[in-house]
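*Asks:* after the sequence you'll find the predicted model.
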Amino acid sequence: MAEEKESTSIPLSQAENGGPDPEDPAKSPPPSPNSSTRKACCFVLQSWVSKKFMTGCVVLFPVAVTFFITWWFIEFVDGFFSPLYAQLGIDIFGKS
């Protein structure tokens, strides 16, 4: 029996354009940046950032609302009693 040689057929368009040679690793194309590992890492990172952002919003929103309600209450009480203090002659530090 004669030894059979395996031949690799390269499409004519690749041969003319100097396309990638599958037998030469130096000429093989670089790995795709859209690999499944990269996609998985991006998904995990995006999920983590999204969870941290939402947690921050959930925590910060009640703190901000409490701050503004407290600020409004102090301004209301101060505005309500300031004329009374002025008539009694009591000088409040920080008020002119």
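*Replies:* Yep, it's here.
*Asks:* Phe80: how many residues sit nearby?
*Replies:* Counted with other C-beta atoms under 10 Å, the neighbours of Phe80 add up to 9. All C-beta atoms are positioned from the backbone trio N, CA, C, and that covers glycine.
*Asks:* also Gly89?
*Replies:* 6.
*Asks:* how near is it to Val77?
*Replies:* 20 Å (C-beta to C-beta, to the nearest Å).
*Asks:* in three-state terms, label Phe93 for me.
*Replies:* coil (DSSP: H, G, I helix; E, B strand; the rest coil).
*Asks:* need the phi and psi values for it.
*Replies:* For Phe93, the backbone dihedrals (degrees, to the nearest 10) come out as phi -60, psi 130.
*Asks:* local confidence estimate at it?
*Replies:* Confidence at Phe93, expressed as pLDDT, is 73.
*Asks:* and what of Phe53?
*Replies:* Reported pLDDT for Phe53: 94.
*Asks:* so it is in which element?
*Replies:* Using DSSP states H and E, Phe53 maps to helix 36-88.
*Asks:* so Val65 versus Phe73, what's the distance?
*Replies:* Distance of Val65 to Phe73, given as C-beta to C-beta: 12 Å.
*Asks:* now Ser47
*Replies:* For Ser47, the distance to Phe73 - C-beta to C-beta - is 40 Å.
*Asks:* ok, now Leu60?
*Replies:* Distance, Leu60 to Phe73, using C-beta to C-beta: 20 Å.
*Asks:* ok, Phe61 next?
*Replies:* Using C-beta to C-beta, Phe61 is found at 19 Å from Phe73.
*Asks:* Leu88 too?
*Replies:* Distance check for Leu88 against Phe73: by C-beta to C-beta, it reads 22 Å.
*Asks:* Ile92 too?
*Replies:* Distance of Ile92 to Phe73, given as C-beta to C-beta: 17 Å.
*Asks:* again, but for Ala86
*Replies:* Distance, Ala86 to Phe73, using C-beta to C-beta: 21 Å.
*Asks:* kindly report the same for Ala40.
*Replies:* Relative to Phe73, Ala40 is positioned 50 Å away (C-beta to C-beta).
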